[in-house]
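J.: Generate a structure from the sequence data that follows.
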Amino acid sequence: MTIVLLTLLGLLSATLLVGIWIGPALIGIGIVMLDVFTSRPTMRQIGLWSFNVLTSSEVVSLPLFILMGELLFRTRLSQSLFTGIAPWVGFLPGRLLHTTILGCSLFSAISGSSAATTQVVGRITLTELLRRGYNKDIAVGSLAGGGMLGFLIPPSIPMIIYAVLAEESLLRLLTASFLPGFIVAGSFMSYIAVR
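T.: Sure, this is the predicted structure:
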C-alpha cells in the first residue's frame, strides 16, 4: 500500500510541477495507476464505470436543473423574486443586503447551482445595491456568501454528483443538507444585521 501511495504522490507532484492541468493530470495518473497496480483491463473498467455513472437515475436530473436555472436567468422571474423579497426585509438592519441572502437561498433551492445563483441574483441585486449607495465590499461579500448556499441547499448539483460517485443515497444527502443550509443563511443575515 505504501508503494502505491508514494507512486501516486510522485506522479501527481511531477505532472503538476511540469505544468500539466489538474484535470488531464488526474485522468492520466488514474489510468497509469490502474494499469500498473491492478490486473483488470483498464480501458474496460473505465468504460463500464463511465457508462454506469452516466446512465444512473440521479444524473438525469442535472440537465433539468441547469435548464431551470437558465430559464430563470433569461426571464423576468428572477427579478420578480427580488422585488417580492424586498418589502419583507425593509425593517431589518442592513435592509436590502438581506435580499441578496434570501434571494440566493430561494434561487439555490430552485436551480441547484451556486454559479447560476451567484450570476442571476448578483446581476439583479448588486447593481441595485450599489445604485442605492450600499458599501461595495459588504454588497459583494453578501453575494459571495449567499452564492455559496447553492452547494448546501437542496437540490444541489454538486451533491447529486457526489451521491452518484460515492454511491450514497441522494435523498439522505439532500435531507441532511437542508437544515445546515438555512442555518448558514441565517448566520449570514445575522452578520449583516450586526455589521
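J.: now this structure, which segments are flagged as low pLDDT?
T.: Counting by pLDDT under 70, the ranges of the chain that qualify are 1, 56-62, 65-66, 69, 72-73, 77-79, 81-82.
J.: Which stretches in it count as helices?
T.: Taking DSSP state H as the test, the helices found in the chain are 2-18, 22-37, 42-54, 57-74, 77-85, 97-111, 114-131, 136-147, 157-166, 170-194.
J.: Save these as TSV, and put in distance to Phe91 and mean neighbour count too.
T.: (Glycine included, C-beta is placed from N, CA and C.) Below are the helices of the chain laid out as TSV (distance: least, Cβ to Cβ, whole Å; neighbours: other Cβ atoms under 10 Å):
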stretch	distance to Phe91	mean neighbour count
helix 2-18	52	12
helix 22-37	47	13
helix 42-54	48	12
helix 57-74	27	14
helix 77-85	13	17
helix 97-111	10	26
helix 114-131	17	20
helix 136-147	18	19
helix 157-166	34	16
helix 170-194	11	15
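J.: Which residue comes closest to Gly150 once chain neighbours are left out?
T.: Nearest in space to Gly150, with sequence neighbours left out and distances taken as Cβ to Cβ, 6 or more residues apart in numbering, is Ser114 at 3.2 Å.
J.: wait, what's in contact with that neighbour?
T.: With contact set as Cβ atoms under 8 Å, 6 or more residues apart in numbering, Ser114 has these partners: 108, 147-151, 158.
J.: Can you tell me which of those residues is closest to Ile101?
T.: Leu149 (7.9 Å; Cβ to Cβ).
J.: any idea how far Leu92 is from that closest one?
T.: From Leu149 over to Leu92 the distance is 18 Å, taken as Cβ to Cβ, to the nearest Å.
J.: ok, the residue nearest to Phe107 when sequence neighbours are not counted - contacts?
T.: Distance criterion Cβ to Cβ, 6+ apart; nearest residue to Phe107, sequence neighbours excluded, is Thr117 at 4.7 Å. Thr117 makes contacts with 69, 104, 107-108, 111, 146-147, 149-150, as judged by Cβ under 8 Å, 6+ apart.
J.: before we move on, what about Val89?
T.: Applying Cβ under 8 Å, 6+ apart to Val89 gives the contacts 95-96, 98-99, 102.
J.: 10 Å - rerun?
T.: Counting by Cβ atoms under 10 Å, 6 or more residues apart in numbering, Val89 makes contact with 95-102, 189, 192-193.
J.: I'd like these as TSV, with distance to Trp49 appended.
T.: As requested, the contacts of Val89 are exported to TSV (distance: Cβ to Cβ, whole Å):
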residue	distance to Trp49
Arg95	51
Leu96	48
Leu97	45
His98	45
Thr99	44
Thr100	40
Ile101	39
Leu102	40
Met189	42
Ile192	44
Ala193	48
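J.: Taking the chain centroid, which residue in this protein is the extreme one?
T.: Centroid-distance maximum for the chain: Ser39 at 36.5 Å, with Cα atoms, centre = their mean.
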